[in-house]
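Colleague: predicted model follows, preceded by the sequence.
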Amino acid sequence: MNLRSLFAPTQVWGRDPSFFSVQISDPVGEAFLHENPDAPHRPKIATIRPLLGHDHSRVDTVRRANAPWLTPWDATLPAGAREELPTLWEYMRRADRDQREGHSLILMPEFDGRPVGQFTLSQVQWGAMSQGVLGYWVAQEASRMGLASLVVSYMMDLVIGELGLHRIEVNVRPENERSLGLCRKLGLREEGYRERYMNIAGQWADHVSFAMDAESLPEGGMLTSLYGKGLR
């Protein structure tokens, strides 16, 4: 038995993890991703699947390697916070438990088996609120290829279109032009400007708030609207 099978939960949101997984052969040739001449490899296979168990340590290694690229956008604990950052083991246990219980969903894109990012739907509430908050990062090697557009579209179609969550919110720093462009390209509704919304890189940072809900999801899904075809 390997580490992944030992520690990974058997279900995500009451379903087998394979339900959330998709694989794309030649994603550039199929026009789901763009060619990036600066990237070290053109992916032969792109996979999107739940991030579980031993995957957390693999993704942590990628994130650390991309620290100069990602740190300026990282959430941080404010001065005087009572909380402490969890260890990787503590985070892994909590993240997998929350996915099993339907409180979060973490999807991991891979290029030819290598993790190249993380997309986290957190603070999931059902019942009267029926919403979650989406955040993500992409490794530098996978940037400028349209990966975030692909995974966010897939997650919107999956979580809102198939699983019945009513609303997903995305909050973006006004300096982050790429993420602002992504939200507008995907047709997310711009809901307002939130001053000092989150502590980022050691200081309180303003954010622009976007959302997609069931009534706004394009007919046939966001993937079909953007790419002319779906993944499932």
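Modeller: Right, received. Where do you want to start? Residues are numbered from 1 along each chain as shown.

Colleague: show me the helices in this structure, by range?
Modeller: Counting by DSSP state H, residue ranges of the helices within the chain are 3-7, 55-65, 67-70, 88-101, 147-156, 177-185, 222-227.

Colleague: can those helices go into a markdown table with extra columns for mean pLDDT?
Modeller: As requested, the helices of the chain are exported to a markdown table (pLDDT from 0 to 100):
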| stretch | mean pLDDT |
| --- | --- |
| helix 3-7 | 47 |
| helix 55-65 | 96 |
| helix 67-70 | 93 |
| helix 88-101 | 93 |
| helix 147-156 | 98 |
| helix 177-185 | 96 |
| helix 222-227 | 97 |
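
Colleague: winner for burial among these?
Modeller: For the helices of the chain, average neighbour numbers computed from mean count of other C-beta atoms under 10 Å are highest in helix 147-156, which has a mean of 24. (C-beta placed from N, C-alpha, C; glycine too.)

Colleague: please name every helix or strand in contact with that one.
Modeller: Of the remaining helices and strands, those touching helix 147-156 by 3 or more C-beta pairs under 8 Å, 6 or more residues apart in numbering; DSSP states H and E are strand 45-50, strand 105-111, strand 117-125, strand 131-138, strand 167-172, helix 177-185, helix 222-227.

Colleague: can you pull out the low-pLDDT segments for the protein?
Modeller: Scanning the chain for pLDDT under 70 picks out the ranges 1-9.

Colleague: what residue of it is the furthest out?
Modeller: G80 (29.0 Å; C-alpha atoms, centre = their mean).

Colleague: can I get stretch 33-46 in PDB, CA atoms only?
Modeller: In PDB, the C-alpha atoms belonging to stretch 33-46 read as follows (Å, rounded to 0.1, in the frame of the first residue of the first chain):
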ATOM      1  CA  LEU A  33      -4.400  25.300 -23.600                       C
ATOM      2  CA  HIS A  34      -2.100  27.700 -25.500                       C
ATOM      3  CA  GLU A  35       1.400  27.000 -26.700                       C
ATOM      4  CA  ASN A  36       4.000  28.700 -24.400                       C
ATOM      5  CA  PRO A  37       7.400  28.800 -26.200                       C
ATOM      6  CA  ASP A  38       9.100  29.700 -22.800                       C
ATOM      7  CA  ALA A  39       7.700  26.600 -21.100                       C
ATOM      8  CA  PRO A  40      10.200  23.700 -20.600                       C
ATOM      9  CA  HIS A  41       7.800  21.100 -21.900                       C
ATOM     10  CA  ARG A  42       4.600  21.000 -24.000                       C
ATOM     11  CA  PRO A  43       2.300  18.700 -22.000                       C
ATOM     12  CA  LYS A  44       1.200  15.500 -23.700                       C
ATOM     13  CA  ILE A  45      -1.500  14.800 -21.100                       C
ATOM     14  CA  ALA A  46      -3.200  17.300 -18.700                       C
END
